[in-house]
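A.B. asks: got a structure for you, letters missing:
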């Protein structure tokens with residue numbers, strides 16, 4: 001079976017986010033001063049061939065822990081669904 005995973009990787013709340021700060025500081029210049037607290041992360045979509053959703057989820061979890069996120073500086077969340 002083929003499964004699709006949608007993964008969001010974000011900087012931890014306790015850490016500075018220079019990209020987010022730059023975007024936040026630019027909002028008033030484009031007429032959007034009411035937008036604040038921007039944090040910039042990554043979105044990853046991938047496909048997994050696995051015999052079950054549980055097996056696909058285990059593979060996605062392993063990919064997040066070992067490659068897609070730096071757990072010291074980032075958090076991640078994901079969804080897995082049949083493709």
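C.D. replies: In hand now; what should we look at? Computed from a predicted structure; not experimentally measured. Residues are numbered from 1 along each chain as shown.

A.B. asks: Just say helix, strand or coil for residue 80.
C.D. replies: strand (DSSP: H, G, I helix; E, B strand; the rest coil).

A.B. asks: Give me the neighbour count for residue 15.
C.D. replies: Neighbour count of residue 15, defined by other C-beta atoms under 10 Å: 11. Just so you know, the C-beta spots here come from the backbone N, C-alpha and C atoms, and that holds for glycine as well.

A.B. asks: Please, which helix or strand holds it?
C.D. replies: Assessed by DSSP states H and E, residue 15 sits outside every helix and strand.

A.B. asks: can you check residue 4 too?
C.D. replies: Assigned by DSSP H and E, residue 4 falls in strand 2-11.

A.B. asks: Identify the residue nearest residue 82 in space, chain neighbours excluded?
C.D. replies: residue 3 (5.8 Å; C-beta to C-beta, 6 or more residues apart in numbering).

A.B. asks: hang on, the one you found packs against residue 58?
C.D. replies: No: using C-beta atoms under 8 Å, residue 3 makes no contact with residue 58, being 11.1 Å away.

A.B. asks: neighbour count winner among those two?
C.D. replies: residue 3 (20 against 14).

A.B. asks: what about the residue nearest to residue 82, distance to residue 71?
C.D. replies: 23 Å (C-beta to C-beta, to the nearest Å).

A.B. asks: Now residue 46. Its backbone dihedrals?
C.D. replies: Main-chain dihedrals, residue 46, degrees, to the nearest 10: phi -150, psi 160.
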